[in-house]
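**Student:** Need coordinates for the following:
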Amino acid sequence: MKRLTIVVLFIFFFTAAFTRLDRVYSQKFFDVTGQAYWIWAPHRISRNEPVVFFATRDFDLPEQRLYTSIKILGDPEYTLWFNGYEIAGRRVGDERELDVYDVSKLAKTGRNRIVVAVRANQGVGGLLASVDLAPEVENWVVTDARWKIYRRWRPDILLRDSPDLGPAAPMLVGEPPIGRWNYVTSASREFAQPFERTIPPREVFTMRALLPTIRTRAGVAISVADPVRAQAFDFGFTKGRVRLTIEGDATVSRAITVRYANAREELDRVEWATRAFVFAPGERTVIDPEVESFRYVLVYGGKAAADVVQ
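**Tutor:** You can find the predicted model right below:
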């Protein structure tokens, strides 16, 4: 009986030690954002409508810190500002990876501010972010219910909250691992290069283009090509970030469909490699967060003007 008791106790302590070790190493390799939540704007996702929101967070930093780095993933597209400076952004594809930016030179002891613009043509996605100060002081700030969500753009939100814009609390989607993001890894990223010049188009012409669309007929989803009016902007062969400018304002987010091309004959083809520039109410210009190489920018619907910033 005594021998059986010893065996049972051994198994108990071995299991407890293994469970604790597994928990420690699971956190080390997978829980890279601590208690951060995936957050989103309060929105009925089933509507499948374009959504833009600006997530903001003010927080204090202590004087004693080795560095300040921001880990972030804004799916499907994000742009990050820190203390009023644009850091970078990107369009997220199948690669679900946290981008890590070292913002030590911009960080201040005391009050600091993060602003993230997230754009989703289908209205679906997630934002996950945290701030590290040292190897032993990770996830000082994380995405959670304390963030504020703005659905309308105004430049002053980069520096301070605007109560008159009616900020809302975020919708908490869940903690990692969850959904299509699963366990996230991280990789260091460089800052976006500041603009030095603007390139206008060499030529602008109007044409009839075919816009690929998915429609449901008799319960079956099929692909069709809708003829639409479009404007083509010819920049010559160039490399840079495209900027779209629209007229007027809107009360809801709206999307402008765009396609990049390198040859004029490509503009007449049905091409699924389109992308959407999604505008929030109050926004007149939106800039592609990534640098592209192209000659033509085709704007379906002809409702926006294009130029290039480098």
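**Student:** What segments of the protein are helices?
**Tutor:** With DSSP state H, the ranges of helices along the chain come out as 2-30.
**Student:** how many neighbours does D161 have?
**Tutor:** 15 (other C-beta atoms under 10 Å). Glycine gets a C-beta too; all of them are placed from N, C-alpha and C.
**Student:** Verify the stated contact: it with K148.
**Tutor:** Yes: taking contacts as C-beta atoms under 8 Å, D161 lies within contact range of K148: 6.4 Å.
**Student:** Could you pull up the contacting residues of F237?
**Tutor:** 262, 293-295 (C-beta atoms under 8 Å, 6 or more residues apart in numbering).
**Student:** What of V278?
**Tutor:** So V278 contacts 50-52, 77, 119-121, 253-256, 286 (C-beta under 8 Å, 6+ apart).
**Student:** Who is it paired with across the strands?
**Tutor:** A255 (DSSP bridges).
**Student:** separation between it and W153?
**Tutor:** The gap separating V278 from W153 is 11 Å, by C-beta to C-beta, to the nearest Å.
**Student:** re the thing from before, in strands, which of the contacts of V278 appear?
**Tutor:** 51-52, 77, 119-120, 254-256, 286 (DSSP state E).
**Student:** As JSON lines, those with neighbour count and pLDDT would be great.
**Tutor:** JSON lines is the format used below for the ones in strands among the contacts of V278 (neighbours: other C-beta atoms under 10 Å; pLDDT from 0 to 100):
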{"residue": "V51", "neighbour count": "23", "pLDDT": "95"}
{"residue": "V52", "neighbour count": "27", "pLDDT": "97"}
{"residue": "E77", "neighbour count": "23", "pLDDT": "97"}
{"residue": "R119", "neighbour count": "25", "pLDDT": "97"}
{"residue": "A120", "neighbour count": "26", "pLDDT": "96"}
{"residue": "R254", "neighbour count": "18", "pLDDT": "93"}
{"residue": "A255", "neighbour count": "20", "pLDDT": "94"}
{"residue": "I256", "neighbour count": "21", "pLDDT": "95"}
{"residue": "V286", "neighbour count": "24", "pLDDT": "97"}
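**Student:** Parallel or antiparallel, which strands does the top strand by length along the chain pair with?
**Tutor:** Scanning the chain for the strand with the most residues, using DSSP E, yields strand 220-245. In the sheet, strand 220-245 lines up against strand 203-217 (antiparallel), strand 285-287 (antiparallel), strand 292-300 (antiparallel), strand 305-309 (antiparallel) (DSSP bridges).
**Student:** Buried residues in it, which are they?
**Tutor:** For strand 220-245, a neighbour-count test (16 or more other C-beta atoms under 10 Å) marks 230-235, 238, 240-244 as buried.
**Student:** what do you get for stretch 285-298?
**Tutor:** 286-289, 294-298.
**Student:** Closest to S223 out of the ones in strands among the contacts of V278?
**Tutor:** Closest approach between those and S223, by C-beta to C-beta: A255, at 18.6 Å.
**Student:** that older thread, for the buried residues of strand 220-245, give me JSON lines that also has pLDDT and distance to A107.
**Tutor:** Listed next are the buried residues of strand 220-245 as JSON lines, based on pLDDT from 0 to 100; distance: C-beta to C-beta, whole Å:
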{"residue": "A230", "pLDDT": "95", "distance to A107": "45"}
{"residue": "Q231", "pLDDT": "96", "distance to A107": "43"}
{"residue": "A232", "pLDDT": "97", "distance to A107": "44"}
{"residue": "F233", "pLDDT": "98", "distance to A107": "39"}
{"residue": "D234", "pLDDT": "98", "distance to A107": "43"}
{"residue": "F235", "pLDDT": "98", "distance to A107": "37"}
{"residue": "T238", "pLDDT": "97", "distance to A107": "35"}
{"residue": "G240", "pLDDT": "97", "distance to A107": "29"}
{"residue": "R241", "pLDDT": "97", "distance to A107": "26"}
{"residue": "V242", "pLDDT": "98", "distance to A107": "31"}
{"residue": "R243", "pLDDT": "98", "distance to A107": "29"}
{"residue": "L244", "pLDDT": "97", "distance to A107": "32"}
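**Student:** Identify, from the residues you listed, the entry nearest to K71.
**Tutor:** R241 (23.5 Å).
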